[in-house]
Each structure stands twice: as C-alpha cells, then as structure tokens.
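Q: Have a look; sequence and predicted model below, questions after that.
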Amino acid sequence: MSSFQQCYPPVTYLGYSVLMTSSNDASARAAGPYRAQGSLKGRTILMSGGSRGIGLAIALRAARDGANIVLMAKTGEPHPKLEGTVHTAAAQLEAAGGQALALVGDVRNDGDVAAAVAAAVERFGGIDAVVNNASAIDLSGTDDVDMKRYDLMQDINVRGTFLLSKLALPALRESGRGHILTLSPPLNLDPKWAGMHLAYTMAKYGMSLTTLGLAEELKDDGVLVNSLWPCTLIDTAAIRNMPGGDRMVQAARGPEIMADAAHAILSGGMAGGGALSGNFYTDEQVLRAAGVTDFSPYSLGAPEDQLVPDIFL
C-alpha cells in the first residue's frame with residue numbers, strides 16, 4: 001500500500017481550515033490543463049450522490065468520453081438553496097456525450113443500494129467502477145455535535161461506502177477491470193485532526209479504512225481500490241452560502257481538478273510505476289503523474305501560494 005504525497009506548493013491556512021468539504025455542492029467550470037492518456041468510453045460508473053459539485057464534475061468528465069453513468073442520489077426534487085437534482089444532472093451527462101441513469105435513492109437504505117446495483121447491471125450490462133462520493137459533514141467538537149448528525153455521518157460516510165462497495169463486488173469482479181474510488185482522505189493519524197472534529201474525522205477515516213481493507217481483500221480479484229482527496233479548498237455552493245463564502249472561494253480551486261484526477265485514476269492514465277491499488281491519492285499527486293505542471297487554471301483567483309488547504313493533509 002502506498003502512502004499519499006504531500007501537496008505542493010505549501011499554503012497558508014487563512015483561518016478557514018475547518019470549512020473544507022468533499023461534498024458534491026459546486027458549479028462546473030472550464031476544463032483544466034489535464035491531457036488524458038486513457039479513456040472511459042463505454043465504461044459503466046455507479047456513483048453515490050453526484051447531483052452537483054465534485055460528484056457531478058467527475059461524472060461529466062467521464063461522460064465526455066462516452067461513459068455510462070448511474071447516479072444514485074436523494075435529490076429528486078429541487079433544493080431551496082442548492083441547484084441541481086439527480087434528474088438535471090443526468091440531463092447534463094447526456095448532453096456531454098454520455099449515457100445516464102438517474103436513480104432517486106438513499107445510500108443508507110439497503111434496498112435502494114441493491115436496486116441501484118441491479119439497475120446498473122440491467123441497463124448497461126455490468127459495472128466497471130464505483131465512485132463513493134456521497135458524504136455528510138459536521139465539524140463540531142465533541143461537546144457540540146448532535147448525535148443525530150453523528151449517526152448521519154456514520155451512516156452515509158462509513159456504512160454507505162461499505163454497503164455500495166460490498167453490493168457492487170460481484171459486478172466489479174465480472175468486469176475484469178473493476179475499480180472502487182472513494183472520496184476520502186489519507187489515514188493521517190496526527191492527533192490534530194481527531195482533536196479538531198472527532199466525529200467527522202472518525203466518519204471520513206472509516207471511508208479510508210474501507211479503501212485500505214478492500215484493497216487488501218480484493219488484491220487477487222482484479223478489482224482496484226483507491227481513495228482521492230483534494231489538496232485545497234474546492235468551490236462549493238455550501239461554502240458560497242456561508243457568510244463571507246464568496247470571498248473564501250476566491251482562495252479555492254474548481255471541482256474540475258478532482259474530476260481530472262478521478263479520470264486519470266479510473267482510466268489508467270497515470271504515468272510511472274507503483275502499486276495500482278490501496279493508494280490514498282491527492283489530486284495534485286495524480287495530475288503531476290499525468291503530466292500536469294501548471295495548476296493555476298484550476299484556481300478561482302488566488303495565487304497558488306495563497307490557496308486554502310484542505311484538512312487531513
């Protein structure tokens with residue numbers, strides 16, 4: 001199992017480190033400097049969440065190759081504060097050149113997840129990749145965190161990731177090139193992160209432990225298992241809706257950097273050797289291996305040395 005590479009360049013926290021999120025609440029922007037070496041044409045990807053933001057950006061990048069995307073998300077009806085539903089996302093994917101199947105479902109519900117796996121196999125003949133994108137976040141300290149929010153994070157982040165991966169395993173093995181990609185951080189046991197927001201840290205590290213364990217368990221099954229995490233704050237609607245959010249996201253990158261990194265991982269477009277499974281990649285690490293040297297096109301205005309770093313790194 002390989003460890004993550006520290007993000008480069010170093011960045012200043014600017015007092016906002018506790019606000020980073022890997023949620024799927026962002027708007028799409030122009031493509032970055034990544035030049036793909038592989039393709040996802042004809043591949044079938046099953047994703048939890050994906051109505052907007054990072055998840056939608058990853059799905060759109062795959063759709064531009066001609067991939068088949070199955071989105072399972074709770075957002076069947078418009079949200080009062082957040083744009084996009086699973087249906088509008090599917091329409092964007094089809095317009096981008098892919099095929100899409102929109103499923104309203106909850107990753108916490110065993111029946112919904114089983115139905116999503118079955119629907120993907122029935123519609124597209126199999127599943128080549130699972131992207132565990134759905135995630136809940138609450139950065140409260142232990143005194144303040146509501147136990148309903150604690151349970152929500154455990155149910156969506158940990159149990160949901162485990163359940164979707166588990167139920168998709170037969171199809172992934174059948175694929176012959178199956179891949180599970182989870183949006184979760186490196187297992188950094190610096191007590192700083194547990195001390196800052198213990199409930200959330202346990203939930204996200206539970207996702208990462210799923211990567212660690214499944215990569216070992218499936219090493220002889222032809223199924224790759226990896227995690228991906230952003231080096232910096234990613235522009236999201238959730239952050240823009242916060243006081244001062246419009247200013248904060250000027251020190252962020254767009255979700256396309258995560259989309260390009262996910263594409264490189266899933267399409268096999270990373271150069272160099274190393275283990276193919278059990279990695280905790282950062283977006284910069286992946287894209288540097290894929291030949292990207294200038295990351296400034298992904299940024300929203302701040303110089304590279306003033307971008308806000310993500311947590312857990």
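A: Sure, I can see it. Numbers count the residues shown, from 1 in each chain.
Q: list the buried ones in stretch 126-143?
A: 126-139 (16 or more other CB atoms under 10 Å). In this view, the C-beta of every residue, glycine as well, is placed from N, C-alpha and C.
Q: measure stretch 173-193 end to end?
A: Its first and final residues considered, stretch 173-193 spans 35 Å by CA to CA, to the nearest Å.
Q: Could you give the separation of it from the chain centroid?
A: Offset of stretch 173-193 from its chain centre (CA atoms, centre = their mean, to the nearest Å): 10 Å.
Q: again with stretch 66-77
A: Remark: stretch 66-77 is offset 14 Å from the chain centroid, using CA atoms, centre = their mean.
Q: That stretch - what's its average pLDDT?
A: On average, the pLDDT along stretch 66-77 is 93.
Q: Likewise for stretch 34-45?
A: On average, the pLDDT along stretch 34-45 is 97.
Q: and the end-to-end length of that stretch?
A: Taking CA to CA, the first and last residues of stretch 34-45 lie 21 Å apart.
Q: buried sites along it?
A: For stretch 34-45, the neighbour count (16+ other CB under 10 Å) marks 34, 39-40, 43-45 as buried.
Q: From those, which land in strands?
A: Among these, the residues falling in strands (DSSP state E) are 44-45.
Q: In the buried residues of stretch 34-45, find the pair that's most separated.
A: Between any two of the buried residues of stretch 34-45, the greatest separation by CB to CB is 22.3 Å, found for Y34 and T44.
Q: Now for S296, how many residues are close by?
A: 12 (other CB atoms under 10 Å).
Q: Just give the closest residue to it, not the sequence neighbours.
A: Counting by CB to CB, 6 or more residues apart in numbering, E304 is the residue found nearest to S296 once chain neighbours are left out, at 6.0 Å.
Q: Which of the three states applies to M72?
A: Put simply, M72 is strand when judged by DSSP: H, G, I helix; E, B strand; the rest coil.
Q: So which of the buried residues of stretch 34-45 is the closest to C231?
A: In terms of CB to CB, no member of the buried residues of stretch 34-45 lies closer to C231 than Y34, at 14.8 Å.
Q: just the strands in this structure please.
A: 44-48, 68-73, 99-104, 129-132, 178-182, 223-229, 280-282.
Q: Against D283, how distant is the residue positioned nearest the centre of the chain?
A: Central residue of the chain (CA atoms, centre = their mean): L183, 3.5 Å from the mean position. Per CB to CB, to the nearest Å, L183 is found 10 Å from D283.
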